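*Asks:* Structure for this input, please:
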Amino acid sequence: MRIAKILQFILVALITIGVFASMARNSYGFTLMGTACLGLALLYITQLVGRLIADYSTLERKELVELLEMFLLAILLLSFGMRAFYIRPPYIDFIFILLCGLLMATYLIVGMELFDAAKKESLGLARNVGFFYLAILLFLLSLGTRIISPFGSVLIGVLGTMAAVLFLIPLVRQKQYDFSGKSTTLFQFTVAAKNKAGLLFLFFIFSGIYIGLSNFNVIPAIENAENPRTYIELINQAERRGEQPVNGKYKHEAYKEAMDKFTQRHVNK
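*Replies:* All right, here's what the predicted structure looks like:
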């Protein structure tokens, strides 16, 4: 378990390095992000299979929910990794929306159980735990609706940010709560849940900060130096507008094919 946590930390660090490298327009940035996302997905799948083999017959309901969370996050990371390499499997939009919905259902179950456990001893702790999982649910809903309604996705993301701020204020203050006869902080209670919600929460928070700062040109946008900006914009347009392929090809695929032919002709001269 300790090795898995170290590997998780290293892979998350590599994703972060890849983001900064892409902002600096280094060609290896997207490759690093994609490889790290695929590595993290493989790590979660390995952990999942290991736990199923070790104690499948004795797994309780709570553990099954944890395994479901790990499986769904692995698929989410797999989709992010493929996106970094511009791999677009069939029906990926439908799969992505379904994936966000299943993650929402999973965290709704986890959040309600923790909320009920905290409410019995501390209403303040329960309220803040509720804000934490509400933020995650709203962020996932924002992510899932981005393809269908970009504007609605932004509004939902803003609501998620508000819920996140309401959670972060008592977290930073390190307020103490009585739980199970002991004094605990919001951070300690959240970590004790032993799930990936905290990691997902940080991903959404930093993504929101990045999007906000990049939109106001405070920091540079993430760009893939290996591909022309027009090609990237066509991909983004296809995702935002739900573009339908013409003659079996999307605009960005036709552009890429023409670009490769043009490059090949000049190489052969």
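*Asks:* Compute the first-to-last residue distance for stretch 135-153.
*Replies:* Distance across stretch 135-153, first residue to last, is 14 Å (Cα to Cα, to the nearest Å).
*Asks:* could you pull out the helices for this protein?
*Replies:* Counting by DSSP state H, the chain has these helices, from start to end: 2-23, 28-55, 61-84, 92-119, 123-145, 150-173, 186-192, 197-215, 229-241, 251-268.
*Asks:* I'd like the average pLDDT over stretch 11-21.
*Replies:* Mean pLDDT, stretch 11-21: 88.
*Asks:* Dump that stretch to CSV, restricted to CA.
*Replies:* Once non-C-alpha atoms are left out, stretch 11-21 reads as follows in CSV (Å, rounded to 0.1, in the frame of the first residue of the first chain):
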residue,chain,number,x,y,z
LEU,A,11,2.5,10.1,-11.3
VAL,A,12,0.5,13.0,-10.1
ALA,A,13,3.8,15.0,-9.9
LEU,A,14,4.6,14.0,-13.5
ILE,A,15,1.1,15.2,-14.6
THR,A,16,1.8,18.6,-12.9
ILE,A,17,5.2,18.8,-14.6
GLY,A,18,3.6,18.0,-17.9
VAL,A,19,1.1,20.8,-17.4
PHE,A,20,3.8,23.4,-16.7
ALA,A,21,5.9,22.0,-19.7
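*Asks:* quick one: it to chain centroid distance?
*Replies:* Relative to the mean C-alpha coordinate of its chain, stretch 11-21 is positioned 14 Å out (Cα atoms, centre = their mean, to the nearest Å).
*Asks:* rewinding a little: now mean neighbour count and distance to Phe179 too, for the helices of the chain, in a markdown table please.
*Replies:* (C-beta placed from N, C-alpha, C; glycine too.) Formatted as a markdown table, the entries for the helices of the chain read as follows, by neighbours: other Cβ atoms under 10 Å; distance: least, Cβ to Cβ, whole Å:
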| stretch | mean neighbour count | distance to Phe179 |
| --- | --- | --- |
| helix 2-23 | 15 | 24 |
| helix 28-55 | 18 | 27 |
| helix 61-84 | 18 | 18 |
| helix 92-119 | 17 | 7 |
| helix 123-145 | 21 | 6 |
| helix 150-173 | 16 | 14 |
| helix 186-192 | 17 | 7 |
| helix 197-215 | 15 | 18 |
| helix 229-241 | 15 | 43 |
| helix 251-268 | 12 | 52 |
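*Asks:* can you redo these as TSV with distance to Ser180?
*Replies:* Written out in TSV, the entries for those read as follows (distance: least, Cβ to Cβ, whole Å):
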stretch	distance to Ser180
helix 2-23	25
helix 28-55	25
helix 61-84	17
helix 92-119	9
helix 123-145	11
helix 150-173	19
helix 186-192	10
helix 197-215	20
helix 229-241	46
helix 251-268	54
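*Asks:* Quickly note the distance from the nearest residue to Gly198 once chain neighbours are set aside to Leu171.
*Replies:* Among residues not flanking Gly198 along the chain, Thr190 sits closest, at 5.9 Å (Cβ to Cβ, 6 or more residues apart in numbering). Counting by Cβ to Cβ, to the nearest Å, the gap from Thr190 to Leu171 is 8 Å.
*Asks:* shared neighbours, the two?
*Replies:* None of the residues lies in contact with both Thr190 and Leu171 under the rule Cβ atoms under 8 Å, 6 or more residues apart in numbering.
*Asks:* Ser153 contacts Thr145, doesn't it?
*Replies:* Yes - under the criterion of Cβ atoms under 8 Å, Ser153 lies in contact with Thr145, with a separation of 4.7 Å.
*Asks:* where does the residue nearest to Gly198 land on pLDDT?
*Replies:* The model's pLDDT for Thr190 equals 88.
*Asks:* show me the contacts for it.
*Replies:* For Thr190, counting by Cβ under 8 Å, 6+ apart, the contacting residues are Val129, Phe132, Ala197, Gly198.
*Asks:* cutoff 10 Å now
*Replies:* When contacts are counted by Cβ atoms under 10 Å, 6 or more residues apart in numbering, Thr190 touches Leu114, Asn128, Val129, Phe132, Tyr133, Phe167, Leu171, Thr184, Ala197, Gly198, Phe201.
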